[in-house]
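Student: this is the structure alone, sequence omitted:
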Ligand code: NAP
Ligand code: MG
């Protein structure tokens, strides 16, 4: 099937007629759709449409905006299985993973709409007699939303909902690996009655469509989720014109396991966060840092758990882990496994592309565990973004904390312990934006902010109260009434 862009309320192809194909990562023979390989001109048209639509969308009352948007959220509930099928087809997620993504998107959307309805400024006493002082929040303008393929429904939702409810208009570029999921998000909003030009949708490459979205002077805010390298490039390119950026980037998230941890629970949390979505959550656990006295026992339980995981097409209900998302991912991850072996890490589980029982048609990699991983190794420092877990040994809590922080990334972390004093020392010192005690590195809830520190993020974080903060400006007024 051939799909189109959506610009100013109309479906249109790319201006030069070029297209690209998306393929099912569980079976690469299966072309799931043909999409516009849009040009910079297409992106410009979409930006101009969003610019034109901005004043009337911004002036519409927030209750009217919420009424339209709530219809889209209701449709997320009634059409969940359609979204699940698209997530499955394009990203390879299992049914359970896909359903969790949709239900998270619904909760986040509802929370951000409610934030919009209570979007408040402040009043403050004035230093002058007879002067009234207040501030209000105003939308900023055209927003460029650039999203990744690993949460192709929830990430656009987390960005577009606060942008729209607070009165901004949008150009949305989905990742090229997951345009159909992005298109479904768009469809729900079109059917809910969003006016033309408010949400525009353009598919195509990061270096064409994405580049135009970043450099076009009509764009005021850029909310990007993706790799650290691309995020740094965006920040460099906006430095000249002071656009506001929100960059949610890579991670290399540690889970520390101390000697007094409940090993059963810590293995469960580490294995879940390491291998769910084939290790392609930005919040996945990729380093298990275990104190020496429990390292053998932890590793034994971990191998038992990982060895029983069933890998296959995510559409089948008895599968625990689906494929990795596409041939580039497949190649990158296998290359990192090779690097780990060459660096002298001990490959104790998995490590191979899976070829039996028809899996050779897709991008399947065994759940992989390395032990004897040293902190300076590339597999301990670089984001692999696949089903590969490095187990590292620390002599004690202090060394575990040092290893956890010895990294350029700072997205999420966890500690497993019964010792409240060490738990709080860890919470004080861990260099991340989201951290946990006795819970997996991926756990989060929409009412609190989500964003990384160090090279994992930049700007006002998403979600929670800051979700709306990013998309609004403060206007302060003083009124002399005497
Ligand atoms: P990516 O290559 O950086 O791509 C992300 C998005 O940016 C895609 O839509 C991509 O378009 C676009 N893009 C690529 N190059 C661009 C450029 N030069 N200018 C503008 N846009 C450009 O990242 P990915 O491989 O898709 O996603 C995985 C990464 O995302 C991982 O590093 C992961 O940790 C991170 N992530 C972070 C979070 C978080 O919240 N911190 C959440 C999820 C994922 P194309 O698809 O057309 O290339
Ligand atoms: Mg990429």
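Tutor: In hand now; what should we look at? Source: prediction; values computed, not measured. Ligands and ions are numbered 1, 2, ... in the order given.
Student: please make it C-alpha for all contacts and neighbour counts, starting now.
Tutor: Will do.
Student: and the nearest residue to residue 377 once chain neighbours are set aside, how many neighbours?
Tutor: Spatially, and ignoring its direct neighbours in sequence, residue 377 is nearest to residue 343 (6.6 Å; Cα to Cα, 6 or more residues apart in numbering). Residues near residue 343, counting by other Cα atoms under 10 Å, number 15.
Student: and residue 343, what are its phi and psi?
Tutor: phi -70, psi -10 (degrees, to the nearest 10).
Student: what of the one 3 residues further on?
Tutor: Dihedral pair for residue 346: phi -100, psi 110, per degrees, to the nearest 10.
Student: enumerate the beta-bridge partners assigned to it.
Tutor: Here residue 346 sits in beta bridges with residue 371, going by DSSP bridges.
Student: residue contacts, the residue of the stretch 1-150 of the chain found nearest ligand 1?
Tutor: Closest contact between the stretch 1-150 of the chain and ligand 1, by Cα to the nearest ligand atom, is at residue 148 (4.1 Å). Listed by Cα atoms under 8 Å, 6 or more residues apart in numbering, the contact set of residue 148 reads 155, 174-175, 225-226.
Student: can I get the residues you listed in a markdown table including distance to residue 140?
Tutor: Formatted as a markdown table, those follow (distance: Cα to Cα, whole Å):
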| residue | distance to residue 140 |
| --- | --- |
| 155 | 20 |
| 174 | 22 |
| 175 | 24 |
| 225 | 20 |
| 226 | 23 |
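Student: of those residues, which is the most crowded?
Tutor: That'd be residue 174 among the contacts of residue 148, by other Cα under 10 Å, with 28 neighbours.
Student: so that residue touches residue 146, yeah?
Tutor: Yes - between residue 174 and residue 146 there is a contact under Cα atoms under 8 Å: 6.2 Å.
Student: can you list residues touching both of the two?
Tutor: residue 156.
Student: and the residue nearest to residue 377, what pLDDT?
Tutor: With respect to pLDDT, residue 343 has a value of 98.
Student: hmm, who's touching the biggest helix by length in the chain?
Tutor: Determined from DSSP state H, the single longest helix within the chain is helix 95-117. Helix 95-117 has contacts (Cα under 8 Å, 6+ apart) with 62-63, 66, 69-70, 73, 76-77, 80-81, 83-84, 87-88, 151, 153-155, 157-158, 161-162, 165-166, 276-277, 314-317, 446-447, 463-465, 467-468.
Student: contacts only, for residue 467.
Tutor: 112, 158-159, 162, 449, 460-461.
Student: with adjacent residues omitted, what lies nearest to residue 63?
Tutor: Closest to residue 63 by Cα to Cα, 6+ apart is residue 117, at 6.8 Å.
Student: what count of nearby residues applies to the one you found?
Tutor: 15.
Student: before we move on, what about the one 3 residues further on?
Tutor: Residue 120 is surrounded by 11 other residues when neighbours are defined as other Cα under 10 Å.
Student: check whether it sits in a helix, strand or coil.
Tutor: coil (DSSP: H, G, I helix; E, B strand; the rest coil).
Student: could you pull up phi and psi at it?
Tutor: Note on residue 120: its backbone torsions stand at phi -110, psi 150 [degrees, to the nearest 10].
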